[in-house]
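1. Have a look at this prediction, sequence included:
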Amino acid sequence: MKMTSISSRGWALAALLWAGFMAVQSADAGPRVAIVASAEVATDDPRFTDVQEKLASTGRFEEVAIINAFSYTPTLEELEEFDALLVWSNRNFANATLLGDTLALYVDRGGGVVLSIFANTTSTSDRFLAGRWLDEEYDILPVGGGTLSSGGQRELGTIRVPDHPIMDGVHRFRGGAASFRPLDLGLTSHGQIIAQWTDESTLVGTSSRFRHRADLGMYPPSNAVLSTLWDPNTDGARLMANALIYTARCRADVNHDDRVDFFDYLDFVSEFENGDESADFNRDGTVDFFDYLDFLPAFEEGCD
Ligand SMILES: [Ca+2]
Ligand SMILES: [Ca+2]
């Protein structure tokens, strides 16, 4: 029998290549995000797929999924596959109360939610989030404040917090002839204005209470869907992607207290030893040593 032998140098080289491959894999893997919208009846409608394509084209996400909240209300377990969600409505949600309850829990557990028009401006019940979301004021724009679309095109106006990560690389935004934007200039008690439209409507808001929340005062589909919508030659895709990345789950914050410290390490090791699904850090369906290897650099890097 002929034995195949590999020299020790060969093994060393293989190990080096493997380490390099894993490093590249980790570096390339951005957050996993999902559109959770009642955008239209059919999931392949351009009101869903245009936004999916725009987000994917930024190259900053490992995955951009579509969950059709017109026909279906996802469970917390399903949502926890993702680090951040872009939520909006153009039709009724299948169950605005159940979705509001679930999204509040998702935020409590460190997941990011970016809420966008019309879900954050409409006064039509079943098109804004109800349940715990409404009762415990997870909103940034005031509920039912109304939507403005008159007066012709509006653009990105004053950036009130210029160094905010959501505004990174966002220099131009043109809303198209409709320029859907919030009518009410106010925010909820914990809302913070980051950027405005030229007429001072809120374009971007964050929260002093919820680290993993942001609101966009824009309607996500672009003029590839309808000529009166936002102009994709401007930075709308970048703006939506930045908001998702800003709110996204910090995966090394295992105990969801918005800090990365030794307690997270202890929790991870405990989950790892128990073989818990939550210790599947590289999300390949099994808990093994590669999860530990991926957790370590994320833990060392920490979170903002
Ligand atoms: Ca923590
Ligand atoms: Ca794994």
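-> That came through fine. Numbers count the residues shown, from 1 in each chain. Ligands and ions are numbered 1, 2, ... in the order given.

2. for the residue lying closest to residue 161 once chain neighbours are set aside, what are its contacts?
-> In this structure, residue 161 finds its nearest non-sequential neighbour in residue 194, 4.8 Å apart by C-beta to C-beta, 6 or more residues apart in numbering. For every residue, glycine as well, the C-beta is placed using N, CA and C. Neighbour list for residue 194: 159-161, 164, 166-167, 203-206 [criterion: C-beta atoms under 8 Å, 6 or more residues apart in numbering].

3. Restricting the selection to alpha carbons, write the host helix or strand of residue 194 to PDB.
-> Assigned by DSSP states H and E, residue 194 falls within strand 191-197. Extracted in PDB, the C-alpha atoms of strand 191-197 (Å, rounded to 0.1, in the frame of the first residue of the first chain):
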ATOM      1  CA  GLY A 191     -35.700  60.900  19.900                       C
ATOM      2  CA  GLN A 192     -32.600  62.700  18.500                       C
ATOM      3  CA  ILE A 193     -32.500  64.400  15.100                       C
ATOM      4  CA  ILE A 194     -29.400  63.500  13.100                       C
ATOM      5  CA  ALA A 195     -30.300  64.900   9.700                       C
ATOM      6  CA  GLN A 196     -33.100  66.900   8.100                       C
ATOM      7  CA  TRP A 197     -34.600  67.400   4.700                       C
END
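
4. Please identify the pairing partners of that strand and their relative orientation?
-> Sheet pairing for strand 191-197, assigned by DSSP bridges, gives strand 156-159 (antiparallel), strand 202-207 (antiparallel).

5. Could you verify that residue 66 is part of a strand?
-> Yes: secondary structure assignment places residue 66 in a strand (DSSP: H, G, I helix; E, B strand; the rest coil).

6. That one is in contact with residue 48, isn't it?
-> Yes: judged on C-beta atoms under 8 Å, residue 66 makes contact with residue 48 at a distance of 5.1 Å.

7. Which of these two has more residues huddled nearby?
-> Neighbour tally, residue 66 and residue 48, criterion other C-beta atoms under 10 Å: the higher count belongs to residue 48, 22 against 17.

8. Report all helices and strands that whichever strand or helix holds the more buried one contacts.
-> If you go by DSSP H and E, residue 48 is part of helix 46-57. Applying 3 or more C-beta pairs under 8 Å, 6 or more residues apart in numbering; DSSP states H and E, one finds that helix 46-57 contacts strand 32-38, strand 63-68, helix 236-247.

9. now with 10 Å?
-> Helix 46-57 is packed against strand 32-38, strand 63-68, strand 84-89, helix 236-247, with contacts defined by 3 or more C-beta pairs under 10 Å, 6 or more residues apart in numbering; DSSP states H and E.

10. Just the C-alpha atoms of it, please, in CSV.
-> Provided in CSV are the C-alpha atoms of helix 46-57 (Å, rounded to 0.1, in the frame of the first residue of the first chain):
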residue,chain,number,x,y,z
PRO,A,46,-40.1,45.6,-7.0
ARG,A,47,-41.1,47.5,-3.9
PHE,A,48,-39.4,44.6,-2.0
THR,A,49,-36.7,43.6,-4.5
ASP,A,50,-35.5,47.1,-5.4
VAL,A,51,-34.6,47.8,-1.8
GLN,A,52,-33.0,44.4,-1.4
GLU,A,53,-30.9,45.1,-4.5
LYS,A,54,-29.9,48.5,-3.4
LEU,A,55,-28.8,47.3,0.0
ALA,A,56,-26.9,44.3,-1.5
SER,A,57,-25.2,46.5,-4.0
